[in-house]
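*Asks:* Provide a 3D model corresponding to the input given below.
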Amino acid sequence: MPDPIRRNSGIDLLRIISMLMVAILHVISFGGIYLSLTRDSSRYAVASMWFAACYGGVNCFGMITGYVHSGTRYRYSSLIVLWLQVVFTWLAVTVILELWFLHTVTPGDLLSALHPVLNGHGYWYVTGYFGLYLLIPLLNAGISRLSQRQLTAVTLSMLVLQTVPRSFFGLDLFGVGDGCNMLWLIMLYIAGAWLRRCDPLPRLKSAHCLALYAVSVLVTWLVNRYRWSGASVIANASPFEVAASVFLMLGLLRRSYGDRARKAIGFFSPLAFGFYLIQMNVTCRHLLYTDNCLVSLLQLPTLGLAAAIPLVGAALLLLGMLLDLPRHCLFRALKLKPRLNALEERLLGDLWHDAA
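*Replies:* Reported below is the predicted structural model:
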């Protein structure tokens, strides 16, 4: 994550919106809505439209990493802070929920929280991110040696060869699968670095980019709805979802933000990832989505369902961010990141000072 003095409101807003997209996806999938619908129903059309609009949330997060870390100093301390956040959140959520519902917290439950990246716990993104982060100096060194034309050629050829054969012919050339792994995050990192370095389509203003995001979502929905491809195009490694993520990112980067908006965005953005960690806790996820509890939303009329899905997602996101606020304040009060930065400086000196 970028240092506070280098915060970019467009990137921070994208963090919040990306996590809202993830929340909406989980409402539809974990809540049992998607699997309870028939493909020819109007409610399925609504749910699949929200799926198409929001599936690029993971892609946005991956590209944010490339955009930010290809232009900032590499530090191991950032990875340690993330690990401490994961451990703290896992321990707090597990203990509170287990005690609240009078379940037994075993020593194994507490010990497993100390290595959430190793044992998974549903945090596939964190596990993939850890692997990616260790490779960032190598990726940055290669990216910095390429010209803008060379980086553009590498990025576009990589994304096209991965996404198009998979989506239209069912051929996963590079073993990315559904895009929930470190390899796909590496590709997204390169794409994010490309957006920072090359600033493609500079004549397009924010409104144009956001309109192209909407067009990409509509195309995704149409292709999926009428089965015009050999595999699902509502996936991380889909050409249309990648295009939607790129245009959404460019649209938010090219907007101007007033002081009040900057302050609000800056307040909520550091809390967004906390929602993911809280919700993906096994105990929390079971309690939130037990017995497909959100299927009851299908009793609403079609337009009501279209409005309820994002509203429930937004409510869950806001709740998760507020629950993460005490952890955020504690870490700031302890000056955790500055102290770890200073410790890294003492132990490693200028090891990464000249890293690209």
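
*Asks:* And stretch 83-91, what's buried?
*Replies:* For stretch 83-91, the neighbour count (16 or more other C-beta atoms under 10 Å) marks 83, 85-91 as buried. For the C-beta atoms, the positions are set from N, CA and C on the backbone; glycine is no exception.

*Asks:* Out of these, which sit inside helices?
*Replies:* 83, 85-91 (DSSP state H).

*Asks:* any idea which of these is the one closest to Val223?
*Replies:* Val86 (36.2 Å; C-beta to C-beta).

*Asks:* Now do the same for that closest one: its pLDDT.
*Replies:* For Val86, the pLDDT comes out at 89.

*Asks:* Let's test this: mean pLDDT of the longest helix seen in the chain, rounded?
*Replies:* Criterion DSSP H: the longest helix present in the chain is helix 302-333. For helix 302-333, the mean pLDDT works out to 95.

*Asks:* what's the next helix or strand after it in contact with?
*Replies:* Counting by DSSP states H and E, the next helix or strand C-terminal to helix 302-333 is helix 336-348. Applying C-beta atoms under 8 Å, 6 or more residues apart in numbering, the external contacts of helix 336-348 come out as 75-78, 80-81, 84, 331.

*Asks:* now the ones in helices among the buried residues of stretch 83-91 in a markdown table, with distance to Gly177?
*Replies:* Output for those, formatted as a markdown table (distance: C-beta to C-beta, whole Å):
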| residue | distance to Gly177 |
| --- | --- |
| Trp83 | 25 |
| Gln85 | 27 |
| Val86 | 23 |
| Val87 | 28 |
| Phe88 | 31 |
| Thr89 | 27 |
| Trp90 | 26 |
| Leu91 | 31 |
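
*Asks:* Make CSV out of the contacts of helix 336-348 and add distance to Ser256 and secondary structure.
*Replies:* Below are the contacts of helix 336-348 laid out as CSV (distance: C-beta to C-beta, whole Å; DSSP: H, G, I helix; E, B strand; the rest coil):
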residue, distance to Ser256, secondary structure
Arg75, 30, coil
Tyr76, 35, helix
Ser77, 33, helix
Ser78, 29, helix
Ile80, 35, helix
Val81, 31, helix
Leu84, 35, helix
Phe331, 31, helix
